[in-house]
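Enquirer: Predicted model and sequence follow; I will ask about them next.
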Amino acid sequence: MPFSSLSDIQNRLSSGKTTAVEVAQLYLERIATYNDGLNAFVHIDPAHVLAQAEASDKYRAEHDARPLEGLPIAVKDIFCTQDGPTQCCSNILKDFHAPYDAHVITKLKEAGAVLVGKTNMDEFAMGSSTETSAFGVCRNPWDTDRIPGGSSGGSAAAVAAALTPAALGTDTGGSIRQPAAVTGITGLKPTYGRVSRRGIIAFASSLDQAGPMTRTVKDCAMITAAISGHDSADATSVADAPAVDWLAACDATDMKGLKIGKPKEYFVDGMDPEVRACVEAALKQCEALGAEIIDISLPNTEHAVAAYYVIAPSEASANLSRYDSVRFGHRCENPEDLLDMYTRSRDEGFGSEVKRRILTGAFALSSGYYDAYYLKAQQVRTLVQQDFITAFEQVDVIATPTSPITAFKLGEKTDDPLTMYLSDIFTIAVNLAGLPGLSQPCGFASDLPVGLQWIGPAWREDAILSAAAAYEGATDWATRSPVAFGGES
Amino acid sequence: MEIDVRKVAMLSRIRLTDDEAAELGPQLSSILGYVEQLSAVDTDGVKPTAHPHDAAMPLRANVVTNGNRREELQAPAPKTESGLYVVPKVIE
């Protein structure tokens, strides 16, 4: 039961075999048992979880069940919720209580979901390992000496260890897909503009997008169906986004006629050879399912990380200027004057990675450097996007490794920020181009999970969900679970 | 590339200790050294990306829609008085 998919739990609820309260109790017990060893959750209010579950059981008794009726879903600490604190795992937002719910939180509540709690993350989502959290590192359930990926590492660890059947994350440069890959679960970053960003604490506004992290492809579809849709309060939410039949897309059982692009820039020297072997084997399996594998090139891939590390810090430096200790957030003791209040509050409140990114961005945007850095990076971004448009004239979807490596050891990459940044090499281009991307488990390298990444054309989440569902149906990787947490291997 | 960390920190309104400044200087140089590769990319005539799907910014009617929620919205502020935000004295 704990390692069941969301859709299995839904079936048990609708056939009356269990209740939302029983399901909530099961996961609350698992959180009580296992969270201390993982630090996946940073806030949990059991009484509030049970109250939501009771209300859901009552609703089901009196009405037709809603799409996510009684299903437990955890959310990253980046989503504003009126209930409980929203701290973005930063000391500058310590004990902050949001005065409103994020749009996606409202959508989850309207769909009948039971919100389980807030999950750990890199501070302000800046990181690839959940080691920059102000509330302590999070651990990977497959090997607790290793990182769960990041920045949505708490959501990934919680789902992988079945402390919740599903969670929401956000993805600015791979923060849903990379943690999903290294913890052996499935994660979807929708097309930019598909899901409203209102009430999601901003990191880099032209890249940020929220999405699900789950045990199965269909579970990703169920959640995205509930949280997507236009929101007039987010100016970048796209009003006439092409519709997708989310659940029908997951009925695919083969890949007959599917053209899969295999970009040479994503199969390179320097990546873990075992990871490469897993992904090559997955592509062979896709061929056996009827797909045609076509070698393609995305020539500007090599510049994507550089463009990202100009654009994301630049937008972050602007977004994080709001933490001025006037309207909300930490204020230092006894400020001498206004400048002292700003500079000391921000020094005390922000961690070192956040400071590094703010300073990088402020430099790139500063007088005399704007054209050489920010403008240039946005031009390179256009080239990255054009690479994909050209590729999708030839293929339906693109398949790559999600990460060049498996989960690394805690502390292994904290000394050199640049080494950490390069671990996102295969996920960043998708954000620059605003495309949908999905990571699903495709094997193990030295007992650690490996992720297969699917990239689709804009608004074609259905194409990658279908490919991923067919692959999932033909393999058993998505059913693996860590023995140390009561799983079956 | 040499970066004046103190100047950038002041632009960012972040006080840095001497130790932090000493550590951040080389780190920023290393990051900016890496992104320097962008200068070699031929971008003549390439339009910079504004929105990934080139969507136009929508306009809405200029009317109040969120009601008067001053107390709720000011609740997270470090210091308020009579509905105003309190900060150290700015003008003598």
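Expert: Structure's in. What do you need?
Enquirer: So the one residue in the stretch 151-300 of chain A that gets nearest to chain B, which state does it fall into?
Expert: In the stretch 151-300 of chain A, the residue that lies nearest chain B is residue A:192 (4.6 Å; Cβ to the nearest Cβ). All C-beta atoms are positioned from the backbone trio N, CA, C, and that covers glycine. Classification of residue A:192 using DSSP: H, G, I helix; E, B strand; the rest coil returns coil.
Enquirer: What is the burial count for the nearest residue to it once chain neighbours are set aside?
Expert: Once flanking residues are discounted, residue A:192 sits nearest to residue A:434: 3.5 Å by Cβ to Cβ, 6 or more residues apart in numbering or on different chains. Neighbour count for residue A:434, taken as other Cβ atoms under 10 Å in any protein chain shown: 28.
Enquirer: And residue A:434, how far from residue A:174?
Expert: The gap separating residue A:434 from residue A:174 is 14 Å, by Cβ to Cβ, to the nearest Å.
Enquirer: May I ask which helix or strand encompasses residue A:281?
Expert: Here residue A:281 sits within helix A:273-288, counting by DSSP states H and E.
Enquirer: Who are the packing partners of the next helix or strand after that helix?
Expert: Next in sequence after helix A:273-288, counting helices and strands by DSSP H and E, comes strand A:292-296. Applying 3 or more Cβ pairs under 8 Å, 6 or more residues apart in numbering or on different chains; DSSP states H and E, we find strand A:292-296 packed against strand A:259-263, helix A:273-288.
Enquirer: looking at the ones you listed, which is buried most?
Expert: A comparison of the helices and strands packed on strand A:292-296 by mean neighbour count, using mean count of other Cβ atoms under 10 Å in any protein chain shown, puts strand A:259-263 on top with a mean of 20.
Enquirer: angle of that strand against helix A:273-288?
Expert: 160 degrees (axes from the mean of the first three to the mean of the last three Cα atoms, to 10 degrees).
Enquirer: Can you tell me what sits against strand A:259-263?
Expert: A:283, A:286, A:291-298, A:301, A:391-392, A:394-400, A:467 (Cβ atoms under 8 Å, 6 or more residues apart in numbering or on different chains).
Enquirer: change it to 7 Å
Expert: A:283, A:286, A:291-298, A:391, A:394-400 (Cβ atoms under 7 Å, 6 or more residues apart in numbering or on different chains).
Enquirer: any chance of the helices and strands packed on strand A:292-296 in JSON lines, plus mean pLDDT?
Expert: Converted to JSON lines, these look like this (pLDDT from 0 to 100):
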{"stretch": "strand A:259-263", "mean pLDDT": "98"}
{"stretch": "helix A:273-288", "mean pLDDT": "97"}
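Enquirer: Residue A:383 is nearest to which of these?
Expert: strand A:259-263 (14.8 Å; Cβ to Cβ).
Enquirer: how much space between the residue of chain B found nearest chain A and residue A:211?
Expert: Nearest residue of chain B to chain A (Cβ to the nearest Cβ) works out as residue B:52 at 2.5 Å. Separation of residue B:52 from residue A:211 (Cβ to Cβ): 15 Å.
Enquirer: More neighbours: which of the two?
Expert: Legend: neighbour count by other Cβ under 10 Å for residue B:52 and residue A:211, higher for residue A:211 (30 against 23).
Enquirer: how much space is there between that one and residue A:220?
Expert: 8 Å.
Enquirer: Give me the common contacts of the two.
Expert: With Cβ under 7 Å, 6+ apart, residue A:211 and residue A:220 have common neighbours residue A:188.
Enquirer: Quick check: buried residues in the biggest helix by length in chain B?
Expert: For chain B, the helix with the greatest residue count under DSSP state H is helix B:18-35. The neighbour-count check on helix B:18-35 (16 or more other Cβ atoms under 10 Å in any protein chain shown) flags B:20, B:24, B:25, B:27, B:28, B:31, B:32, B:34, B:35 as buried.
Enquirer: Verify the stated contact: the second one with residue A:357.
Expert: No. Contact between residue B:24 and residue A:357 fails when scored by Cβ atoms under 7 Å: they sit 11.0 Å apart.
Enquirer: Which of the residues in the host helix or strand of residue A:418 are classified as buried?
Expert: Per DSSP H and E, residue A:418 falls inside helix A:417-421. Going by neighbour count (16+ other Cβ under 10 Å), the buried part of helix A:417-421 is A:417, A:420, A:421.
Enquirer: where do the strands sit along chain B?
Expert: Here chain B has its strands, by DSSP state E, at B:80-81, B:84-85.
Enquirer: Turn these into TSV, columns for mean neighbour count and distance to chain A.
Expert: Output for the strands of chain B, formatted as TSV (neighbours: other Cβ atoms under 10 Å in any protein chain shown; distance: least, Cβ to the nearest Cβ, whole Å):
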stretch	mean neighbour count	distance to chain A
strand B:80-81	12	9
strand B:84-85	12	5
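Enquirer: separation between residue A:99 and residue B:71?
Expert: Taken as Cβ to Cβ, the span from residue A:99 to residue B:71 is 10 Å.
Enquirer: OK, contacts around the spatially most central residue of chain A?
Expert: For chain A, residue A:176 is the residue whose C-alpha lies nearest the centre (Cα atoms, centre = their mean; 2.0 Å). The neighbourhood of residue A:176, defined by Cβ under 7 Å, 6+ apart, consists of A:152, A:169, A:170, A:187, A:188, A:189, A:211, A:213.
Enquirer: May I have the phi/psi pair for it?
Expert: Note on residue A:176: its backbone torsions stand at phi -100, psi -50 [degrees, to the nearest 10].
Enquirer: For it, give its distance to residue A:186.
Expert: Taken as Cβ to Cβ, the span from residue A:176 to residue A:186 is 10 Å.
Enquirer: quick one, helices of chain B?
Expert: Counting by DSSP H, the helices of chain B are B:5-11, B:18-35, B:70-74.
Enquirer: Let's have the ones you listed in CSV, adding distance to chain A and mean pLDDT.
Expert: CSV is the format used below for the helices of chain B (distance: least, Cβ to the nearest Cβ, whole Å; pLDDT from 0 to 100):
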stretch, distance to chain A, mean pLDDT
helix B:5-11, 5, 95
helix B:18-35, 4, 92
helix B:70-74, 5, 93
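Enquirer: Which of those helices sits closest to residue A:130?
Expert: Of these, nearest to residue A:130 by Cβ to Cβ is helix B:18-35, at 20.2 Å.
Enquirer: Show residues contacting that closest one.
Expert: By Cβ under 7 Å, 6+ apart, helix B:18-35 touches A:306, A:309-310, A:356, A:359-360, A:363, A:417-418, B:1-3, B:5-6, B:16.
Enquirer: hmm, back to that, rounded mean pLDDT for the helix holding residue A:418, please.
Expert: What helix A:417-421 shows for mean pLDDT is 78.
Enquirer: Could I get the average pLDDT for the next helix or strand after that helix?
Expert: Under the assignment DSSP H and E, the closest C-terminal helix or strand after helix A:417-421 is helix A:428-433. On average, the pLDDT along helix A:428-433 is 98.
Enquirer: Other residues contacting helix A:428-433?
Expert: A:171-174, A:189, A:207, A:298, A:301, A:304-305, A:307-308, A:381, A:384-385, A:388, A:437, A:455, B:52.
Enquirer: Thank you, goodbye.
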